[in-house]
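K.L.:
Mind folding the following:
(one chain, ligands or ions: 2)
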Amino acid sequence: MKTLLRKLAEGKTKIVYASSVEDEVLLKFKDDVTALDGKKHDILPGKGVINAGVSAKIFSLLRRRGIPTHFIGMVDSSTMRVKKLNMIPVEVVCRNIAAGHLVKNYPFFKKGEKLKTPLIEFYLKNDLFHDPLLSEEHLKVFGLMSKKEINEIKKITLKVNKVLSSFMQKLGLQLVDFKLEFGRDKNGKLRVGDELNIDCMRLWDLKTGKSMDKDVYREGADLDKVLQTYVQTYKLIVGKEPK
Ligand code: TMP
Ligand code: ASP
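P.N.:
Ligands and ions are numbered 1, 2, ... in the order given. Here you go, the predicted model:
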């Protein structure tokens, strides 16, 4: 690809390339699927295109609703053009329904119970330390976010939750929980960065309760079944076949 220049960084599921345009980078989505802090790893052919397409659709939706994101557009079906951000190494999780770590680590809710209000949590993005939970005091003392940024991030996260929950509901899906990552642009403005797709949210079929996201992989389904789920959810969200 002509516009792909220099590799700046590579993560488990994406590669960051330099762009010829100042203040922009290119995010290439890989076909890798991982879980358990990267200990479980497989290749799902076509997953890069699926995750890039779903991310683009959701970022465009957020942009239309006035939420600041890094998304600019697509270069090809697996590569997004995004604003360069100085990423904050924190995963911001928002939960509507109890699942995952909330039921594994605490005795208060059973899987599937609806929370009275959305719960926002912060985790350090660090596989080696297994992404420990961070309190707001930790965020300030570790110099990760200021009090003002914490409040702004919570406000943006709740808005994303509203927009995404109602979008998914119309498609027959329940937004159980999701993870956002934030960064600061060259003016210091906070924007939603990274990706927004089937890897970083739980989506349950409203009728059957069936998982339509990466939980299918986490729970050990065979890869054909995992890919089939990704394709199905892509078709619901994007409205066409992935290619
Ligand atoms: P959890 O219940 O495992 O903490 O996950 C909450 C949500 O965050 C779920 O939608 C999956 C997403 N998530 C990520 O995207 N990356 C991660 O590393 C983890 C732990 C969760
Ligand atoms: N821990 C993350 C997950 O299970 C991602 C990973 O480990 O690769 O969602």
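K.L.:
List, one by one, the residues from the protein near ligand 2.
P.N.:
By Cβ under 6 Å from any ligand atom, the residues of the chain that approach ligand 2 are 12, 34-38, 218. Heads up, the C-betas are built off the backbone N, CA and C, glycines and all.
K.L.:
Please repeat the previous calculation with a cut-off of 5 Å.
P.N.:
Counting by Cβ under 5 Å from any ligand atom, the chain comes close to ligand 2 at 34-35, 37-38.
K.L.:
Could you dump those residues into TSV and include pLDDT, secondary structure and neighbour count?
P.N.:
Putting the residues of the chain next to ligand 2 into TSV (pLDDT from 0 to 100; DSSP: H, G, I helix; E, B strand; the rest coil; neighbours: other Cβ atoms under 10 Å) gives the following:
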residue	pLDDT	secondary structure	neighbour count
34	96	strand	19
35	94	strand	17
37	81	coil	13
38	81	coil	12
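K.L.:
quick one: is the helix or strand that contains residue 160 near ligand 1?
P.N.:
For residue 160, the host element (DSSP states H and E) is helix 147-170. No. Using Cβ under 5 Å from any ligand atom, helix 147-170 stays clear of ligand 1, with a minimum separation of 11.3 Å.
K.L.:
Just the buried residues of that helix, please?
P.N.:
149-150, 152-154, 156-157, 160-161, 163-165, 167-168 (16 or more other Cβ atoms under 10 Å).
K.L.:
what do you get for stretch 236-243?
P.N.:
Residues of stretch 236-243 classed as buried by neighbour count (16+ other Cβ under 10 Å): 236-237, 242.
K.L.:
swap in stretch 9-23?
P.N.:
Applying 16+ other Cβ under 10 Å to stretch 9-23 flags 13-17, 19 as buried.
K.L.:
quick one: average pLDDT of stretch 94-104?
P.N.:
In this model, stretch 94-104 carries a mean pLDDT of 98.
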